[in-house]
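**Q** Below is the sequence, then the predicted model.
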Amino acid sequence: MQNKHEAFKNEKNIHTDFKEKMTYSDYLGLDTLLNSHHPLSDHHDEMLFISVHHVSEIWMKQVLHEVGSAIQDIQSGNLSTSFKKLARVSQIQEQLKRVWDVLSTLTPAEYMEFRDKLGNASGFQSYQNRMLEFALGYKTEYVLKIYEKDPELLKILQEAHDAPSLYDVSIQALARAGLPIDDDVLNRDVRYTHQSNESVKQAWLTVYRNVDQYWELYELAEELVDIEDLFQQWRFRHMKTVERIIGFKRGTGGSGGVAYLKKVIDQYFFPELWELRTEL
């Protein structure tokens, strides 16, 4: 029978003295991270509920990091540099989508054991989700009222709301490539959600019909479609998970619950990229 320590037989350089050195736990701040669960009930499954939302928020932080950097790349004309970041966003979205499968193991009866402890706290109030919607182009200033409790956070959210979105800078990239875009689109107030525009659709159609000539713009367009596709899948899994657990009850934050989540599935960040497919 192989010695249970055989794997370490030739590992003579493994560090074991960390009295004055940084450890893995120190670097990651695991004490803070792993002690951030604060259940308000004694129910076993509340830990799962908290963990799923913690994981989602951590991944959203990374998505915001990647999208923000990609926006800067596109603004400076470095489209190719943005592609890896946007592709990474899509991979993270796959992870975000799968957390709903884990939460779906929570049954209605189990959730009802601690749902009342949430009060009016709700995922609807996730400020990172709002920042992500803003970064992708869906601007909803009225929701900022939710965050008036924290003036510093409200300022950050207002700045994110008022900044050009990923799609805004992508449309600017079309114009820089010589494709005609209406002036009222190029000079629009980015504090409002972009509405489908014929000149933008025609510009993207030109890209899709001349892939070799506009390869980078074509690649950018497909990265955007990947992100929106996965965002919609995430929204759908969210909606079905909520329906599975609480049916059509109103959300703890006051939203219509499933009724609200069904409506947001029909919201588009990059409408022309979907419309043009019918005309190709």
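**A** Okay, I see it. Residues are numbered from 1 along each chain as shown.
**Q** Roughly how far does Arg188 sit from His54?
**A** As judged by CB to CB, to the nearest Å, Arg188 and His54 stand 37 Å apart. All C-beta spots, glycine's among them, are computed from the backbone N, C-alpha and C.
**Q** ok now the strand or helix carrying Glu228, how far from the chain's centre?
**A** Under the assignment given by DSSP states H and E, the secondary-structure element containing Glu228 is helix 215-246. Put simply, helix 215-246 sits 9 Å off its chain's centre (CA atoms, centre = their mean, to the nearest Å).
**Q** which stretches of the stretch 151-280 of the chain aren't confidently modelled?
**A** Of all residues in the stretch 151-280 of the chain, none has pLDDT under 70.
**Q** swap in the stretch 1-150 of the chain?
**A** 1-4.
**Q** All the helices of it, residue numbers only.
**A** 24-28, 30-34, 46-75, 79-103, 108-112, 127-136 (DSSP state H, counting those that start in this stretch).
**Q** Any chance of those helices in a markdown table with mean neighbour count as columns?
**A** Conversion of the helices of the stretch 1-150 of the chain to a markdown table gives the following (neighbours: other CB atoms under 10 Å):
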| stretch | mean neighbour count |
| --- | --- |
| helix 24-28 | 10 |
| helix 30-34 | 11 |
| helix 46-75 | 17 |
| helix 79-103 | 17 |
| helix 108-112 | 14 |
| helix 127-136 | 21 |
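**Q** need those in a markdown table with distance to Glu159, can you?
**A** As requested, the helices of the stretch 1-150 of the chain are exported to a markdown table (distance: least, CB to CB, whole Å):
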| stretch | distance to Glu159 |
| --- | --- |
| helix 24-28 | 29 |
| helix 30-34 | 26 |
| helix 46-75 | 12 |
| helix 79-103 | 21 |
| helix 108-112 | 36 |
| helix 127-136 | 9 |
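**Q** Nearest to Asp168, out of the ones you listed?
**A** Closest approach to Asp168 among the helices of the stretch 1-150 of the chain is made by helix 46-75 (8.5 Å; CB to CB).
**Q** Distance of Gln267 relative to Glu133?
**A** As for Gln267, its distance to Glu133 is 9 Å (criterion: CB to CB).
**Q** Ser126 contacts Lys61, correct?
**A** No: taking contact to mean CB atoms under 8 Å, the distance of 11.2 Å between Ser126 and Lys61 leaves them out of contact.
**Q** Stretch 178-194: which residues count as buried?
**A** Leu179, Ile181, Val185, Val190, Thr193, His194 (16 or more other CB atoms under 10 Å).
**Q** Return the member of those residues nearest to His238.
**A** Of the buried residues of stretch 178-194, the one sitting nearest to His238 (CB to CB) turns out to be Thr193, at 20.4 Å.
**Q** Do me a favour and get the backbone dihedrals for the closest one.
**A** With angles defined as degrees, to the nearest 10, Thr193 sits at phi -60, psi 130.
**Q** Looking at the buried residues of stretch 178-194, which is nearest Val242?
**A** Distances from Val242 to the buried residues of stretch 178-194, taken as CB to CB, are shortest for Thr193 (24.2 Å).
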